[in-house]
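Student: when you get a sec, could you give me coordinates for this:
(one chain, ligands or ions: 1)
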Amino acid sequence: MLVYEKNALSEEIELLVEKYGVDRSSLLQILQDVQRKHNHISDFAQQEIARLLSIHPVEVNSVISFYSFLHSQPQGRNSIKLCQTISCDMAGKQKIEDALTRELGISFGETTKDKKYTLEHTNCMGMCDQGPAMLINDKVFTRLDPEKAVNILKEVE
Ligand code: FES
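Tutor: From the prediction side, this is the model:
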């Protein structure tokens, strides 16, 4: 089974390389497609992409680390991104962070065991006058306090 999955993923990446071209400038598009389909870019996928583009796996990994929308670990169904930029920080971001980590039992950068939530930081979303702010999937929540943030979490499926 594992061998089949590896081959299927290899074939998929080969098709993406054919589609976008055997060039390091194709890397980001290939990564985005793999991320979209698999919710993360596994070590094996990274090695295959590097091999097929004739680049070093470290280069693939550094691109994944650079972009916050790319992940090397499986993500939860709901992505919770708390703004960490200065206005939200001054408006009480730390209290929200503490409430979210306490409620979910995970740290930022982690995913709950049931794969329901992934907690991350993000930078300014342009809601600085309404902080602290967080993004859950594509929806922005503002003027948070710890209780409000936890209640919002409970409403997410
Ligand atoms: S500083 Fe948080 S939205 Fe701008």
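Student: CA atoms for contacts and neighbours, from now on please.
Tutor: OK.
Student: wait, what's in contact with residue 149?
Tutor: 96, 99-100 (CA atoms under 8 Å, 6 or more residues apart in numbering).
Student: dump the lowest-mean-pLDDT helix or strand in the chain to CSV, keeping only the CA atoms.
Tutor: Of all helical and strand segments in the chain, the minimum by mean pLDDT, DSSP states H and E falls on helix 2-20, at a mean of 84. Taking Å, rounded to 0.1, in the frame of the first residue of the first chain, the C-alpha atoms of helix 2-20 are listed here in CSV:
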residue,chain,number,x,y,z
LEU,A,2,2.8,2.4,1.0
VAL,A,3,4.6,1.6,-2.3
TYR,A,4,1.5,2.3,-4.3
GLU,A,5,1.0,5.7,-2.6
LYS,A,6,4.5,6.6,-3.2
ASN,A,7,4.3,5.7,-6.9
ALA,A,8,1.0,7.6,-7.2
LEU,A,9,2.4,10.7,-5.7
SER,A,10,5.5,10.4,-7.9
GLU,A,11,3.4,10.2,-11.0
GLU,A,12,1.3,13.1,-9.9
ILE,A,13,4.5,15.2,-9.4
GLU,A,14,5.8,14.1,-12.7
LEU,A,15,2.6,15.4,-14.4
LEU,A,16,3.0,18.7,-12.6
VAL,A,17,6.6,19.0,-13.7
GLU,A,18,5.5,18.3,-17.3
LYS,A,19,2.7,20.9,-16.9
TYR,A,20,4.9,23.7,-15.5
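Student: which parts of it are buried?
Tutor: Residues 9-10, 13-14, 16-17 are the ones in helix 2-20 that count as buried (16 or more other CA atoms under 10 Å).
Student: so where's the protein uncertain?
Tutor: 1-6 (pLDDT under 70).
Student: okay, strands next: where are they in it?
Tutor: Under the criterion DSSP state E, the chain carries strands at the ranges 78-83, 117-122, 134-136, 139-141.
Student: the helices in this structure, which residues?
Tutor: Applying DSSP state H to the chain gives helices spanning 2-20, 27-38, 43-53, 57-66, 86-90, 93-104, 146-155.
Student: check the buried residues of helix 2-20 and tell me the two furthest apart.
Tutor: 9 and 17 (12.3 Å; CA to CA).
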